[in-house]
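Undergrad: sequence unknown, structure follows:
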Ligand code: XMP
């Protein structure tokens, strides 16, 4: 019979046997799956695990700190944080096309992550033979099954990396569904902010700025997004909605009147959706008073934003994200 306790015990045992006295690495994204996978492996092999977190500067307010402080405090995991904000900003300079942005972010991410891997492999200590991934059961089914461990070759398009940077995979969550992963995470003592986190795209706020991504625009969007999340949480709506992207229309301006005069600022779009699996979605009928509080606070507190609009499009035809 299935209990989170059994799952944890079983996996811890299996991982210990598999890894022996070798080492493993795990990339943390800030999301639920990689956090729970890492916590589980940490429980099994302790300091033989090193986690890597690439800070691409496209996270929401407080998320990087959540990984750096709260996750580490809860698990005691050994963590290597790579501050790559400037590198990503440079790579994204002048780029407005959504697909181009995604490609750049994906490419830079792999480069930075692989560099970190190389550094860890070069550290003193036992050989690094394993890579931990937070693959879930639905991912396994989607990609056609397979066995518990597999060899993967990392990408070869990176200058100066050894050709043979090769790891065996540990995928401790590959029999679990999302809700089970959350239960395991909770049992492992991870904070609710991590375990109950709603989906957030890998390219982060980079695909929630319609237009070029700049530091100033990211900071502005981070503020607006933090307000929206705060109010949704305060209203107890986190479990009712699938997610609520907050989007900055950076190339659009409209006239407003704020304080003592005319403004010419940017609109912020709220995109609250309800969904089962993100394949289809409906726009969430949020209470007017909650929308009103979010709108008032954003226009009062975020400089250069003078308008808040609500996206009332289902998916299809609209996607959840704007880019
Ligand atoms: P769309 O916009 O396609 O989004 O309706 C569906 C779900 O996927 C998330 N999403 C992403 N997640 N990398 C990710 O890890 C991505 O590039 C990406 N794009 C969209 C989105 O937040 C929604 O939950």
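TA: Received, thanks. Computed from a predicted model, the values in this text were never measured in an experiment. Numbering: from 1, shown residues only.
Undergrad: drop to CA atoms for contacts and neighbour counts, all remaining ones
TA: Noted.
Undergrad: phi, psi of the residue sitting furthest away from the middle of the chain?
TA: Taking C-alpha atoms, centre = their mean as the measure, the residue most remote from the mean C-alpha position of the chain is residue 260, 39.7 Å away. For residue 260, the backbone dihedrals (degrees, to the nearest 10) come out as phi -100, psi 20.
Undergrad: which ones are touching it?
TA: With contact set as C-alpha atoms under 8 Å, 6 or more residues apart in numbering, residue 260 has no partners.
Undergrad: distance of it relative to the ligand?
TA: Note on residue 260: its distance to the ligand, by C-alpha to the nearest ligand atom, to the nearest Å, is 38 Å.
Undergrad: can you map out the helices along the stretch 151-300 of the chain?
TA: Ranges of helices within the stretch 151-300 of the chain are 178-187, 192-195, 215-234, 288-301, based on DSSP state H, counting those that start in this stretch.
Undergrad: who does the second one touch, helix- and strand-wise?
TA: Right, helix 192-195. Packing partners of helix 192-195 (3 or more C-alpha pairs under 8 Å, 6 or more residues apart in numbering; DSSP states H and E): helix 32-45, helix 178-187.
Undergrad: what's the most buried one of these?
TA: Among the helices and strands packed on helix 192-195, helix 32-45 has the highest mean neighbour count (mean count of other C-alpha atoms under 10 Å), at a mean of 24.
Undergrad: please see if it touches the ligand.
TA: No. Helix 32-45 lies apart from the ligand when judged by C-alpha under 6 Å from any ligand atom; the minimum separation is 11.3 Å.
Undergrad: adding distance to the ligand, write the helices of the stretch 151-300 of the chain out as JSON lines.
TA: What follows is those, written out as JSON lines (distance: least, C-alpha to the nearest ligand atom, whole Å):
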{"stretch": "helix 178-187", "distance to the ligand": "13"}
{"stretch": "helix 192-195", "distance to the ligand": "16"}
{"stretch": "helix 215-234", "distance to the ligand": "14"}
{"stretch": "helix 288-301", "distance to the ligand": "20"}
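Undergrad: can you put those helices in CSV and add mean pLDDT?
TA: Listed next are the helices of the stretch 151-300 of the chain as CSV, based on pLDDT from 0 to 100:
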stretch, mean pLDDT
helix 178-187, 97
helix 192-195, 95
helix 215-234, 98
helix 288-301, 98
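Undergrad: for stretch 24-32, measure first residue to last.
TA: Start-to-end span of stretch 24-32 (C-alpha to C-alpha, to the nearest Å) is 19 Å.
Undergrad: got a list of contacts for that stretch?
TA: 34-35, 38, 48-54, 63-64, 66-67, 113, 117, 128-133, 181-182, 194-197, 199-200, 202.
Undergrad: low-confidence bits of this structure, can you list those?
TA: Scanning the chain for pLDDT under 70 picks out 145-165.
Undergrad: show me what from it comes close to the ligand.
TA: Counting by C-alpha under 6 Å from any ligand atom, the chain sits next to the ligand at 199, 200, 201, 202, 203, 278, 319, 320, 321.
Undergrad: can you list the helices and strands packed on helix 192-195 in CSV and add distance to residue 83?
TA: Listed next are these as CSV, based on distance: least, C-alpha to C-alpha, whole Å:
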stretch, distance to residue 83
helix 32-45, 19
helix 178-187, 26
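Undergrad: distance of residue 16 from residue 190?
TA: 21 Å.
Undergrad: sticking with the closest residue to the ligand within the stretch 1-150 of the chain, tell me its helix or strand.
TA: Distances between the stretch 1-150 of the chain and the ligand by C-alpha to the nearest ligand atom are smallest at residue 102, namely 6.6 Å. Take DSSP states H and E as the rule and residue 102 turns out to sit in helix 98-122.
Undergrad: other SSEs contacting that helix?
TA: Counting contacts by 3+ C-alpha pairs under 8 Å, 6+ apart, helix 98-122 packs against strand 49-55, helix 85-92.
Undergrad: chain center to the last one: distance?
TA: Read it as helix 85-92. 18 Å (C-alpha atoms, centre = their mean, to the nearest Å).
Undergrad: distance of residue 222 relative to residue 238?
TA: Counting by C-alpha to C-alpha - residue 222 and residue 238 are separated by 18 Å.
Undergrad: three-state assignment of residue 17?
TA: Following DSSP: H, G, I helix; E, B strand; the rest coil, we place residue 17 in the helix state.
Undergrad: also residue 130?
TA: With three-state DSSP as the basis, residue 130 sits in strand.
Undergrad: for the residue of the stretch 151-300 of the chain found nearest the ligand, give me phi and psi.
TA: When scored by C-alpha to the nearest ligand atom, the stretch 151-300 of the chain has residue 201 as its residue closest to the ligand, at 3.4 Å. Backbone torsions of residue 201, given as degrees, to the nearest 10, read phi -70, psi 150.
Undergrad: can you give me the neighbour number for it?
TA: By other C-alpha atoms under 10 Å, the residues close to residue 201 number 14.
Undergrad: kind regards, and thank you for your time.
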